[in-house]
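[1] predicted model, plus sequence, below.
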Amino acid sequence: MKLYIKYMVSLRCKMVVEATLKKLRLPYKTIELGTVELLEEITPAQREALKEQLLPSGLELLDDKKSILIEKITAVIIEMIHYEDEVPKVNPSEYISKKLGYDYAYLANVFSEVKGTTIQQFIIFHKIERVKELLLYDELNLTEIAHRLHYSGVAHLSTQFRKVTGLSPSYFKQLQQQRKNPLGTGEPS
């Protein structure tokens, strides 16, 4: 039996779900971003208990088909951008469509209807969040980040970064370093 969980977008969320399933003694096969595959069917009472246990952690058990589809799309995008070493080289629309087994136009329409934004805008937002992470890790330069996330170049990455954040990537990085070292003492706070 497969269950879909809203807002399950990180490894920490997966750990919360795993602990909850163990607490409720619900045997599972797999836990992925946004989904749990149980080994057996659960009763309505067990489903309600799981729903109540997940809620304080900000996670929601999904019931309607559109919400489930939106969570699947979201999980694929987050996995593609945040958990792959490099964003797949195929067009994101092809990747999402192939991964979920639906026509991209249908997915895009449902996503826009429910989320009030396009899949492309959602991808851009997450790519910029990934750029921020990579800038803070300070392991890659902008050229390497642009290559890893399949931007046409540093200028394209910088333009998109500025549109989303209002800052240049270098100024963002400088601000973050100032937060670590607010008094300019040479030592982190």
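    Received the coordinates, thanks.
[2] okay but Phe161 is in contact with Ile128, surely?
    Yes: the pair Phe161 and Ile128 qualifies as a contact (Cβ atoms under 8 Å) at a distance of 5.7 Å. (Glycine included, C-beta is placed from N, CA and C.)
[3] which one's more surrounded, these two?
    Neighbour count, other Cβ atoms under 10 Å: between Phe161 and Ile128, Phe161 has more, with 26 against 21.
[4] quick check: the more buried one vs His82, distance?
    Counting by Cβ to Cβ, to the nearest Å, the gap from Phe161 to His82 is 16 Å.
[5] please apply the same query to Tyr137.
    13 Å.
[6] can you point me to the longest helix in the protein?
    helix 119-137 (DSSP state H).
[7] could you check the following helix or strand past it and say which residues are buried?
    Counting by DSSP states H and E, the next helix or strand C-terminal to helix 119-137 is helix 142-148. Using 16 or more other Cβ atoms under 10 Å as the burial criterion, the residues of helix 142-148 that qualify are Leu142, Ile145, Ala146, Arg148.
[8] over to stretch 29-41?
    Here stretch 29-41 shows Ile31, Leu33, Gly34, Thr35, Val36, Leu38 as buried, counting by 16+ other Cβ under 10 Å.
[9] span of that stretch from start to end?
    12 Å (Cα to Cα, to the nearest Å).
[10] same question for stretch 71-85.
    With Cα to Cα as the measure, stretch 71-85 spans 22 Å from end to end.
[11] so for it, what's the average pLDDT?
    Average pLDDT, stretch 71-85: 88.
[12] who touches that stretch?
    4-6, 8-9, 32-35, 62, 87-88, 92, 95-96, 99-100, 107, 111, 119, 122-123, 126-127, 129-130, 133, 148-149 (Cβ atoms under 8 Å, 6 or more residues apart in numbering).
[13] from the chain's centroid, how far away is it?
    Taking the mean of its C-alpha atoms, stretch 71-85 sits 5 Å from the chain's own mean (Cα atoms, centre = their mean, to the nearest Å).
[14] so what touches the helix or strand bottoming out on mean pLDDT in the chain?
    In the chain, the helix or strand scored least confidently by mean pLDDT, DSSP states H and E is helix 169-180, which has a mean of 86. Here helix 169-180 makes contact (Cβ under 8 Å, 6+ apart) with 131-132, 135-136, 138, 142, 157-158, 161, 165, 167, 188-189.
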